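Trainee: Take a look and give me a structure for this.
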Amino acid sequence: MKKILIIILLFLININHSFAGLVLQDVINIAIESNEELKASEYSYKAARSEKLKSIGGFLPQISLNVDTGSRKTKIGENNRINDDVDKKRFSASQNIFNGFGTIFEVKKSNNIANKELAIKNSKIQEISLNVIRYYLDILRYQHLIKVSGRNLKSQGRLLYYIDKKFKVKDSTKSELARARADYIKAKNDKLQNENNLFLVKSNLSRYSGIDISEINNLEDNFIFKKEDRNTEQLFKIALELNPQIQISKNSFLASKHQSNIAKSSLSPKVTLNFDISEEKNSLYLNNQKERDTSIYLNFNVPIFNSGQNYFDIAANNNYKKKERFNYEAVKKQVYNSLIEYQNKISNYDASYSSAKSLERANRVYLNTLKQEERLGTKSIIELLEARQNFYDSQIQRINIYYDRVYCYFEFKSLIAELL
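Mentor: Predicted structure coming up:
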């Protein structure tokens, strides 16, 4: 009895598993976790953060302890050689006081590079998300299209059958029969193409996410659209803060700006505070007595000319800064124009989808009317089948517009980083 209960329980678990659907966000999360490029991007970000910590070290003092021990043999002129031991100790500490703010610019540059790497990582996350969304939506699209194309193929087969019968009794022309055959072949090819496309996008999603192709079924198909009530300027303000592409170009520009300042600081005078304590036993020049020295002093360094390298470096970094500034402005303009474009595209898709639904509804009403008239004998079966074909065509149009509209909505959301 216990074994029977276990078998029944396992059977129920398998049934529940087979009917369990894949939620879009879960598929996105799985794809993100398994993506190798994203893992590499994560380590690039961690490396940049380490470089940021390294640059902060420029504010800290440099401390060293040197100990020399061993033997020494010394001969001065014609004197006898002196053999003694080396015993020296030296403690040194230096603190940068001023270097033309070079250290400050280095820290700022490192911070921008770390922010850039984070933005690159976020850009990759959005790219993965959009790819998964596209495959996911196309699976739903082709599943619906296969059903419609299957019904259309059956209807076209019946239409060909009746036109062929009419042709045999010379009640239809040869061109009408040829057209019916062509429509039937097209319907057959459309169904086969939809089946091939479904297998292809399932394979793509499986390869991209790592989910077994046999588990890609019962996908959720419940997408909620919230009407956008923010204007372009409000959306652009959000994009300036969050859009990964803008953040990449912005931080590249700021890093180049700080690098230019670092190059300029190389011409600035530098001030360093130094502190030394040293001790030497058996000093040769003090009759083998112990020598102690303590010093604290400021070191002033004024660079004058270094083969012109500093000036060339400044010029190169200035040009690089200008390039990054123009690139930053270009990316901002591109995102702004894309926001306007996608707002218009969404509006057009909304209008097209509403029109497609109205056309489908009208064709459904016409088809139902013809069904009644065909039963009464006022309309032929051929007219009914032709009306059914028009109805299926309007269904296909509505399905394609719907999923194009959904994907456009997600692309629009990626502009303001709402896929992160």
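Trainee: Three-state assignment for I304, please.
Mentor: Look at I304: counting by DSSP: H, G, I helix; E, B strand; the rest coil, its state is coil.
Trainee: Give me the phi and psi for it.
Mentor: phi -110, psi -50 (degrees, to the nearest 10).
Trainee: Tell me the spacing between it and L267.
Mentor: Using C-beta to C-beta, to the nearest Å, one gets 9 Å for the distance from I304 to L267. In short, each C-beta sits where N, CA and C put it, glycine included.
Trainee: Ok, K257 next?
Mentor: In terms of C-beta to C-beta, K257 sits 17 Å off from L267.
Trainee: if you count what's nearby, which of the two comes out ahead?
Mentor: Neighbours were counted for K257 and for L267 using other C-beta atoms under 10 Å; K257 has more, 20 against 15.
Trainee: Is that one in contact with Y320, as I believe?
Mentor: No - counting by C-beta atoms under 8 Å, K257 stays clear of Y320, with 9.7 Å between them.
Trainee: Contacts only, for the nearest residue to S266 once chain neighbours are set aside.
Mentor: Nearest non-adjacent residue to S266, counting by C-beta to C-beta, 6 or more residues apart in numbering: N310, 4.8 Å away. The contact partners of N310, by C-beta atoms under 8 Å, 6 or more residues apart in numbering, come to 263, 266-267, 303.
Trainee: Now the residue nearest the centre of the chain: which helix or strand?
Mentor: By C-alpha atoms, centre = their mean, the chain has its centre lying nearest to K124, at 2.1 Å. In this structure, K124 sits in helix 102-168 according to DSSP states H and E.
Trainee: Next: E360.
Mentor: Taking DSSP H and E as the criterion, E360 maps to helix 309-376.
Trainee: Would you mark the buried spots in whatever helix or strand comes next after that helix?
Mentor: Using DSSP H and E, the helix or strand that directly follows helix 309-376 along the chain is helix 381-415. Buried residues in helix 381-415, counted by 16 or more other C-beta atoms under 10 Å: 382, 384-389, 391-392, 394-399, 401-415.
Trainee: Contacts only, for S206.
Mentor: Applying C-beta under 8 Å, 6+ apart to S206 gives the contacts 212-213, 216.
Trainee: Run a quick check on S44 versus K116, I expect a contact.
Mentor: No - contact criterion C-beta under 8 Å: S44 and K116 do not qualify, at 9.6 Å.
Trainee: Over to N299. Which of the three states is it?
Mentor: Recorded secondary structure, N299: strand (three-state DSSP).
Trainee: what ranges of the stretch 1-150 of the chain fall below the confidence cut-off?
Mentor: Low-confidence segments of the stretch 1-150 of the chain, defined by pLDDT under 70: 1-21, 74-76, 78-84.
Trainee: rerun that using 50 as the cut-off
Mentor: Along the stretch 1-150 of the chain, the model assigns pLDDT under 50 to residues 1-20.
Trainee: quick one on the thing from earlier: let me know the angle separating the helix holding K124 from helix 381-415.
Mentor: 180 degrees (axes from the mean of the first three to the mean of the last three C-alpha atoms, to 10 degrees).
Trainee: List the residues that contact the closest residue to K357 other than its chain neighbours.
Mentor: Take K357 and drop its neighbours on the chain: the residue closest to it by C-beta to C-beta, 6+ apart is R398, 5.9 Å away. By C-beta under 8 Å, 6+ apart, the contact set of R398 is 353, 356-357, 359-360.
Trainee: repeat that for 7 Å
Mentor: Contacts of R398 were listed using C-beta atoms under 7 Å, 6 or more residues apart in numbering, and they are 356-357, 360.
Trainee: Let me have those in a markdown table, extended by neighbour count.
Mentor: What follows is the contacts of R398, written out as a markdown table (neighbours: other C-beta atoms under 10 Å):
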| residue | neighbour count |
| --- | --- |
| A356 | 21 |
| K357 | 15 |
| E360 | 20 |
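Trainee: Please convert these to JSON lines, extending it with pLDDT and distance to K166.
Mentor: Output for these, formatted as JSON lines (pLDDT from 0 to 100; distance: C-beta to C-beta, whole Å):
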{"residue": "A356", "pLDDT": "97", "distance to K166": "33"}
{"residue": "K357", "pLDDT": "96", "distance to K166": "35"}
{"residue": "E360", "pLDDT": "97", "distance to K166": "29"}
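Trainee: Show me which of those residues is closest to R151.
Mentor: E360 (13.7 Å; C-beta to C-beta).
Trainee: gap between that closest one and K264?
Mentor: 67 Å.
Trainee: now N112
Mentor: Counting by C-beta to C-beta, the gap from N112 to K264 is 17 Å.
Trainee: try G377
Mentor: Look at G377 and K264: by C-beta to C-beta, they are 94 Å apart.
Trainee: the more surrounded of these two?
Mentor: In this view G377 and K264 are compared by other C-beta under 10 Å, and K264 has more residues nearby, 18 against 7.
Trainee: Identify the nearest residue to the more buried one in space, disregarding sequence-adjacent positions?
Mentor: Spatially, and ignoring its direct neighbours in sequence, K264 is nearest to I314 (5.7 Å; C-beta to C-beta, 6+ apart).
Trainee: The one you found and I262 touch, don't they?
Mentor: No - applying C-beta atoms under 7 Å, one finds I314 not in contact with I262, separated by 9.7 Å.
Trainee: In terms of neighbours, single out the busier of those two.
Mentor: More crowded of I314 and I262, by other C-beta under 10 Å: I262, with 22 against 18.
Trainee: so what's the closest residue to that one other than its chain neighbours up against?
Mentor: Of all residues not flanking I262 in the chain, F105 sits nearest, at 4.7 Å (C-beta to C-beta, 6+ apart). Residues near F105 by C-beta under 7 Å, 6+ apart: 258, 261-262, 265.
Trainee: can you put these in a markdown table and add pLDDT?
Mentor: As requested, these are exported to a markdown table (pLDDT from 0 to 100):
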| residue | pLDDT |
| --- | --- |
| H258 | 96 |
| N261 | 95 |
| I262 | 93 |
| S265 | 91 |
